[in-house]
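K.L.:
coords below, sequence missing:
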DNA sequence: ACAAATATCAAACAAGTGTTTTATACATAC
DNA sequence: GTATGTATAAAACACTTGTTTGATATTTGT
């Protein structure tokens, strides 16, 4: 491993992350990646075995970022009431999701959801499951139900779905619903999701007596 | 146009719809479609000009189905209170989305959202925009805000996001959150989204005074 | 300094893509 | 019946894909 090697290797990782996030695994060619990284066409196969090897390594850094966000969002709520923990979790999550200039991580994960590759398992186990389990625990505490109660899981799905919905996307764009990533707007969105969701959780549980 | 012609043409449409829904526009080859339809490789180009022509025609039937669902969901709430109109709209929508055995339509639209083709415009204008505008009007009526109020639009996004979230997907599957499409479960999910959302809408508006 | 391992490069490979061509069957109209 | 427009078929075309090859630098260990 020479210094130059590391440089080429990391340039490939960087270019690959950018392109995979923008257009998905299958739609990006190794030639594009190598051109973007100013490397030879054979570079990907030499350094990562094959295209999927490069993708896996890129995805792992995305997964690590998910875990980090997860930890930060949990930490933000320590010692608070369950409602407030939920609010802070949503806030941190939305800020990371919508507020960072580089949302490569989330775009990668989002792509993986819609066109799974063999690397999906790692995302689910290391990135998504911890998130769902924490939210389930929180909603269970709020409602007094079991974390595995179907009503709890539905609430978690509702919360998670909203958090992802406010990412810029071609449809919202075409509808003129540009959610510009202003700092103020960001807080408003996070506040919206939190308020909307907390009220939703309470309503769903109040509607039917706790089993 | 002989009878045999019509048969081949419609076989191509059928096979294309099935395959495009399952794997998206780019991932399906013309050869696959023609094989599935027991037609020659040149059949697609002969009958539809090119691959995109076939896709456009398939997608148009999906758009028509969206409009039909939209109309039915509106009709279901005639003469009711705004809250009840919203509840019924969500119910109809969720039933169509999750309850039909053949969800080709929604899978096609979903794919188009995540990897847009030149045909996305038609979906947005004819399928999505009417839906958003109706929901905006409804939420505006519930809250007393303008339909173009940012808070109203955020609520609409929250509602729509939840409706789409409960579709079976590889991640929910891997997490063991199998939402089996039972009839009972279907009603529960629709009820959950409606109750959760109506409470959410009221909470979001109560929190900040109406402008 | 020299040999061995490592990294880069241009070129080619094998497989697959959408599309076009050319020829043949088929139906319908005159 | 023959001509005409339509539909199907096999083959080839032009191009792109991920990957491999073999040669040439470059760095490293001694």
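P.N.:
That came through, no problem. All values derive from a computational prediction rather than experimental measurement.
K.L.:
please count neighbours and contacts with C-alpha atoms only from this point.
P.N.:
Fine.
K.L.:
close to chain B: what parts of chain A are there?
P.N.:
Applying C-alpha under 8 Å from any C-alpha of the partner chain, we find that chain A lies next to chain B at A:23, A:111, A:113-114, A:116, A:121, A:124, A:129, A:151, A:153-154, A:157-158, A:161-162, A:165-166, A:170-171, A:174-175, A:177, A:189, A:192-193, A:195-201, A:203-204.
K.L.:
who's in contact with the residue most central in space within chain A?
P.N.:
By C-alpha atoms, centre = their mean, chain A has its centre lying nearest to residue A:106, at 4.2 Å. By C-alpha atoms under 8 Å, 6 or more residues apart in numbering or on different chains, the contact list for residue A:106 reads A:62, A:97.
K.L.:
quick check: mean pLDDT of the helix or strand it falls within?
P.N.:
Using DSSP states H and E, the element containing residue A:106 is helix A:104-114. Regarding helix A:104-114, the rounded mean pLDDT is 87.
K.L.:
and the next element down the chain from it?
P.N.:
Going down the chain from helix A:104-114, the next helix or strand is helix A:120-122, by DSSP H and E.
K.L.:
ok, and what's touching that next one?
P.N.:
Here helix A:120-122 makes contact (C-alpha under 8 Å, 6+ apart) with A:60, A:63, A:112, A:113, B:174.
K.L.:
low-scoring stretches of chain A, by residue?
P.N.:
Confidence mapping of chain A against pLDDT under 70 gives the ranges A:1-6, A:178-180, A:207-211.
K.L.:
going along the chain, name the strands of it.
P.N.:
Remark: no strands are assigned in chain A by DSSP state E.
K.L.:
residue A:184: neighbouring residues, count only.
P.N.:
9 (other C-alpha atoms under 10 Å in any protein chain shown).
K.L.:
roughly how far apart are it and DNA strand D?
P.N.:
To DNA strand D, residue A:184 is 40 Å away according to C-alpha to the nearest atom of the strand, to the nearest Å.
K.L.:
what sits against that residue?
P.N.:
Contacts of residue A:184 by C-alpha under 8 Å, 6+ apart: none found.
K.L.:
ok, how many other residues are close to the residue lying closest to residue A:148 once chain neighbours are set aside?
P.N.:
Nearest non-adjacent residue to residue A:148, counting by C-alpha to C-alpha, 6 or more residues apart in numbering or on different chains: residue A:136, 7.5 Å away. Neighbour count of residue A:136, defined by other C-alpha under 10 Å: 23.
K.L.:
is residue A:136 in contact with residue A:152, as I believe?
P.N.:
Yes: using C-alpha atoms under 8 Å, residue A:136 makes contact with residue A:152 at a distance of 6.4 Å.
K.L.:
re the thing from before, between which two of the contacts of helix A:120-122 is the distance greatest?
P.N.:
Taking C-alpha to C-alpha as the measure, those reach their widest spread between A:60 and B:174, a distance of 18.4 Å.
K.L.:
who has more neighbours out of the two?
P.N.:
The neighbour comparison of residue A:60 against residue B:174 (other C-alpha under 10 Å) goes to residue A:60, with 17 against 14.
K.L.:
which residues does residue A:11 contact?
P.N.:
Residue A:11 sits next to residue A:37 when contact means C-alpha under 8 Å, 6+ apart.
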